[in-house]
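Sequence and computational prediction follow.
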Amino acid sequence: MKSLIVLWKHLADELAGWCHVSTTLDYKKLERRVEHEGDQFLMITLPRFGKDFLRSLELGKVDAQSFQGFKRKDGLPLFLGGFLRRVFDCDSGVLLDEPCLDSIFAIHQLTQVYKKIERPVSDDRVARTLQGFVQVEEEVASADEVLRKNTELMEEFMRIGGLLWADVFTEVDREIRDGTLMPKHGPGSTADGLFGNEKYNQIEWTERLEVVFPFLENALPGFSYARELDHVTFLEPEAERPVKVVTVPKTLEAPRIIAIEPTCMQFMQQAIAEAVIQKLESRNIGLNTRQNAAYGFVGFSDQNPNRDMARIGSRDKTLATLDMSEASDRVSNLHVELLTRRWPALSQAVQAVRSSKADVPTQGIIPLSKHASMGSALCFPMEAMVFTTLVFIGIQTALSTRFTRKDILALRGQVRVYGDDIICPVDSVDSVISTLEAFGLKVNTGKSYWNGKFRESCGGDYYDDEWITPIRVRRDFPTSRKQAPEVASMVSLRNQLYFAGFWKTCRWLDRRIEELLTLYPVIASTAMWEDGAESTITRSNLLGRASFLPPQGERMHRALQKPLVKGYVVSAKIPPSNLEGPGALVKWFLKRGDEPFQDKRHLERAGRPRCVDINIAWRSPV
């Protein structure tokens, strides 16, 4: 805890120098609050202060409801007051005509730095989150009842969905009927406990799956292995294994809920998801290379288009960024049924791979009205298409018109959805929100922006065309080199801060890291932003310090004639997982591409690493 407080002090002092203010009293206030409130002040209270700050930027003023729990003077909080007075008027609290961008970044950085640190969540908070999961499920069922009575709205949803997704759905529907989809296994956990290569010897299948995706054609090497069907259990709908609901770390305030799917379901979900995503992100589609109407409106592999549009919205205030609450859990199966109804094979396949019940800790097994929670391979594709369809209905309503395919194509560059991050025109935002809510969805207005000059999407935060995304600490600082994930995270944090210009703070971190790593070389790296946080792409896998100075080799590689340095390398050992017989053939037949498996021992080891270690090795620094 002390290390986190000292890091905050170094960041505050350095930012104070940028903005020509003092943070001495701010640091003393933070020390006192942490002493009385513990780490919750750093990880919950500070982020709430930052949330109020962003809301004040959105409103254009500091109102009486903001910054609860912090003393004020002349309308503004005393805490971080030096920065705040360079952004808002001291007397009225109104946003200045030309606020200090460095001060905006400073407040954002200092309040958000510990928001997403990985810490165990208290049992009470976990219990409330699980109760919320069940409550949302009840709300989804109620919203479905209301929607079913509004046949006109459902018809319009299907019509707009057809304009957007017909090109994609038609192709995927054909592939399902032709039996050309290729399933695959993911690296994660499954509800039936199969791990690594064990998944290729699955012996459980559902009757619903068998109708659309026969086990013999998808989970066995060929018809000559039909005798293996004697060992397979085909489950009737009432006997199907439910998804396993678990919580994983997100913030100290609340965990994230995911649903672990049974192996057979996840196996075939991947087949549909791969086909859908590939076509959604293709400019042209079909044998006649018809222009894909969906292209450019949804994304799954590249967040940069969303970030670029958020930056544009922050500059000219034409685009809004919306964030959804409980996004995955509020997308109803009714929404997906309506969206795919006109493509029978696709609709039947999507329903066949959907788990219809969930095993919720302390709550028991409950039926599901939602389409799928996070954990299903189809969760993100389906929610993105549902959200996008509703955005266009909202825009259409705002314009008092009836969209055609041409109208939809004309809105490229103004609408985009990535996960639960939505971008739409500011002029239509009220109508878009109303449409989303009419379908039982919930917009997180506390993280949605369209009035001021702040925008946020896919981890990119902007104010008036300037990048102000904070650098966040992801793990506690290590006390031993044996804490490999923490050591690697600390080195990554140092390199992120280096490229952001926090060089004084980096010198302090370097001293801390050198206490753990006796070998800490300079390595070649490039600053970039990934997964909502600044990171560095290092061409070397050594744990080293990023620098604008070129790295120096200690010796030359005899064969490759490239420089080498001695340092620490993080290594992750793949767990043992032997595979032979029909399962090994299935794995080979399902391999993508012509290249051989990267790991020659893939039939002996598979799955996600269960632990990581740090070892000394000679590696190239470039």
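That came through fine.

Contacts only, for residue 375.
243, 258, 259, 260, 261 (Cβ atoms under 8 Å, 6 or more residues apart in numbering). C-betas here are computed from N, CA, C, even on glycine.

In this structure the last one contacts residue 355, no?
Yes: because the distance of 6.1 Å satisfies Cβ atoms under 8 Å, residue 261 is recorded as touching residue 355.

which strand is the longest one in the chain?
The residue-count maximum for a strand in the chain (DSSP state E) belongs to strand 563-572.

Run through who's touching that one.
481, 484, 487-488, 517, 519-521, 523, 541-544, 551-557, 609, 611-622.

May I have it as CSV, with CA atoms only?
The C-alpha trace of strand 563-572 is given here as CSV (Å, rounded to 0.1, in the frame of the first residue of the first chain):
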residue,chain,number,x,y,z
PRO,A,563,23.5,-8.4,-30.6
LEU,A,564,22.6,-10.2,-27.4
VAL,A,565,22.2,-9.0,-23.9
LYS,A,566,21.7,-11.0,-20.7
GLY,A,567,18.5,-10.4,-18.8
TYR,A,568,15.3,-11.9,-17.3
VAL,A,569,12.7,-13.6,-19.5
VAL,A,570,9.1,-14.4,-18.4
SER,A,571,8.3,-18.0,-19.3
ALA,A,572,4.9,-19.7,-19.2
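
Next secondary structure after it?
Later in the chain than strand 563-572, the nearest helix or strand by DSSP states H and E is helix 582-589.

And that next one, what's buried?
582, 583, 584, 585, 586, 587 (16 or more other Cβ atoms under 10 Å).

mind listing what the nearest residue to the fifth one once chain neighbours are set aside touches?
In space, and not counting its chain neighbours, residue 586 is closest to residue 200: 5.0 Å by Cβ to Cβ, 6 or more residues apart in numbering. Neighbouring residues of residue 200 by Cβ under 8 Å, 6+ apart: 185, 579, 583, 584, 586, 587.

Same list (the residues you listed) but as CSV, adding distance to residue 495 and pLDDT.
Formatted as CSV, these follow (distance: Cβ to Cβ, whole Å; pLDDT from 0 to 100):
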residue, distance to residue 495, pLDDT
185, 34, 94
579, 38, 93
583, 42, 93
584, 41, 93
586, 42, 94
587, 37, 93
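
For these, name the two members farthest from one another.
185 and 584 (13.2 Å; Cβ to Cβ).

Show me where the stretch 351-500 of the chain has its helices.
Counting by DSSP state H, counting those that start in this stretch, one finds helices in the stretch 351-500 of the chain at the ranges 379-399, 405-409, 429-438, 484-499.

what sits up against the shortest one?
In this structure, residues lying in contact with helix 405-409 by Cβ under 8 Å, 6+ apart are 160, 163, 164, 291, 293, 392, 396, 401.

Selecting buried members of these in PyMOL, what would you type?
Per 16+ other Cβ under 10 Å, the buried members of the contacts of helix 405-409 correspond to this PyMOL selection:
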select buried, resi 160+163+164+293+392+396
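
now the strands for the stretch 101-250 of the chain?
For the stretch 101-250 of the chain, the strands defined by DSSP state E, counting those that start in this stretch cover 204-206, 233-235, 243-248.

Name the spans of the stretch 51-200 of the chain whose pLDDT lies under the cut-off.
For the stretch 51-200 of the chain, no stretch is flagged by pLDDT under 70.

my bad, should have said the chain
286-289, 526-539.

what domains does the record give for it?
If you go by automatic domain parsing, the domain ranges for the chain are 2-115, 123-462, 484-619.

Tell me which of those sits nearest to residue 477.
Comparing the domains of the chain under Cβ to Cβ, the one sitting nearest is domain 2-115, at 4.5 Å.

now the end-to-end length of that closest one.
17 Å (Cα to Cα, to the nearest Å).

from the middle of its chain, how far away would that domain be?
27 Å (Cα atoms, centre = their mean, to the nearest Å).

And for stretch 470-477?
17 Å.

ok, the residue nearest to residue 240 when sequence neighbours are not counted to residue 24 distance?
Leaving out its chain neighbours, the residue that sits closest to residue 240 by Cβ to Cβ, 6+ apart is residue 206, at 5.4 Å. The gap separating residue 206 from residue 24 is 65 Å, by Cβ to Cβ, to the nearest Å.

Same question for residue 61.
From residue 61 to residue 24 the distance is 28 Å (Cβ to Cβ).

which one of those two has more residues nearby?
residue 61 (15 against 12; other Cβ atoms under 10 Å).

Beta-bridge partners for that one, please?
Beta-bridge partners recorded for residue 61 (DSSP bridges): residue 94.

got it, and residue 422?
residue 322, residue 417.

Count the residues that sit near it.
28.

Now do it against residue 307, distance only.
The value you get for residue 422 to residue 307, if Cβ to Cβ is used, is 14 Å.

Spit out the residues that contact these two alike.
Common neighbours of residue 422 and residue 307, counting by Cβ under 8 Å, 6+ apart, are absent.

gap between residue 567 and residue 368?
Distance from residue 567 to residue 368, counting by Cβ to Cβ: 49 Å.

Hmm, I typed the wrong one, I wanted residue 11.
44 Å.

And residue 375, by the same measure?
Distance from residue 375 to residue 368, by Cβ to Cβ: 12 Å.

Let me have the domains of the chain in TSV, adding distance to residue 475 as columns.
What follows is the domains of the chain, written out as TSV (distance: least, Cβ to Cβ, whole Å):
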stretch	distance to residue 475
domain 2-115	11
domain 123-462	10
domain 484-619	4
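
So which of the ones you listed is nearest residue 471?
Nearest of these (Cβ to Cβ): domain 484-619, 4.9 Å.

Show me what the lengthiest helix in the chain packs onto, helices and strands only.
Identified as the longest helix of the chain according to DSSP state H is helix 151-178. Packed against helix 151-178 by the contact rule (3 or more Cβ pairs under 8 Å, 6 or more residues apart in numbering; DSSP states H and E) you find helix 123-148, helix 263-280, strand 284-285, helix 333-340, helix 344-352, helix 379-399, helix 405-409.

okay if I get those as JSON lines plus distance to residue 434?
JSON lines is the format used below for these (distance: least, Cβ to Cβ, whole Å):
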{"stretch": "helix 123-148", "distance to residue 434": "14"}
{"stretch": "helix 263-280", "distance to residue 434": "26"}
{"stretch": "strand 284-285", "distance to residue 434": "32"}
{"stretch": "helix 333-340", "distance to residue 434": "16"}
{"stretch": "helix 344-352", "distance to residue 434": "28"}
{"stretch": "helix 379-399", "distance to residue 434": "7"}
{"stretch": "helix 405-409", "distance to residue 434": "20"}
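
Of the ones you listed, which is nearest residue 227?
helix 263-280 (19.4 Å).

relative orientation of the closest one and strand 243-248 in degrees?
Helix 263-280 and strand 243-248 are oriented at 70 degrees to each other (axes from the mean of the first three to the mean of the last three Cα atoms, to 10 degrees).
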